[in-house]
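[1] 3D model of this:
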Amino acid sequence: MFTDLIADREKTVTIRIDGNAHTVTAGITVAAALLSVGVRRFRETPAGNSPRGPFCMMGVCFDCLCVIDGQPNRQACMTTVRQDMAIDTQSGAADLDPFGHSGRGDA
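    I've put the predicted structure just below:
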């Protein structure tokens with residue numbers, strides 16, 4: 001369950017954050033990776049577009065939600081980085097319908 005990050009500090013992976021490539025330490029969380037490259041705003045709230053970033057770093061607060069490999073509303077603090085992972089900051093409410101239906105009966 002626990003990982004010795006000291007042994008992994010020399011191992012790196014390349015990830016894409018909002019389309020830009022970054023090299024980060026292997027074995028860290030997406031939240032830690034974003035913070036390490038200077039990203040502070042992970043998402044904006046649906047009401048008011050208030051910026052949010054990690055608060056608890058243990059999966060309780062959901063302020064670190066972002067789009068990971070095309071899947072919205074992923075908790076960055078609970079996801080480990082991997083090579084070629086695509087991470088996008090999230091604005092407002094995510095479209096949770098994989099088929100793109102609007103919910104207005106226009107299936």
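[2] heading toward the C-terminus, what's the first helix or strand past the lowest-mean-pLDDT helix or strand in the chain?
    Within the chain, judged by mean pLDDT, DSSP states H and E, the helix or strand with the poorest mean is helix 5-8; its value is a mean of 56. Per DSSP states H and E, the first helix or strand lying C-terminal to helix 5-8 is strand 12-17.
[3] strand partners of the helix or strand following that next one, parallel vs antiparallel please.
    Using DSSP H and E, the helix or strand that follows strand 12-17 in sequence is strand 20-25. Partners of strand 20-25 in the sheet, by DSSP bridges, are strand 12-17 (antiparallel).
[4] Counting neighbours, which bits of the partner strand end up buried?
    Neighbour-count burial for strand 12-17 flags 13, 15, 17 (criterion: 16 or more other Cβ atoms under 10 Å). From N, CA and C alone the C-beta is placed, and that goes for glycine too.
[5] Could I get the contacting residues of the residue nearest to residue 33 when sequence neighbours are not counted?
    Of all residues not flanking residue 33 in the chain, residue 24 sits nearest, at 4.2 Å (Cβ to Cβ, 6 or more residues apart in numbering). Counting by Cβ atoms under 8 Å, 6 or more residues apart in numbering, residue 24 touches 12-15, 33, 36-37, 81.
[6] The same query, at a cut-off of 7 Å, please.
    Going by Cβ atoms under 7 Å, 6 or more residues apart in numbering, residue 24 touches 12-13, 15, 33, 36-37, 81.
[7] cool, and residue 37?
    Residues counted as contacts of residue 37 (Cβ under 7 Å, 6+ apart) are 17, 22, 24.
[8] all strands of the chain, in order?
    Under the criterion DSSP state E, the chain carries strands at the ranges 12-17, 20-25, 43-44, 51-52, 65-68, 71-75, 86-88, 90-91.
[9] Let me have those in CSV, adding distance to residue 58 as columns.
    Compiled in CSV, these are given as follows (distance: least, Cβ to Cβ, whole Å):
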stretch, distance to residue 58
strand 12-17, 21
strand 20-25, 19
strand 43-44, 17
strand 51-52, 16
strand 65-68, 14
strand 71-75, 10
strand 86-88, 19
strand 90-91, 20
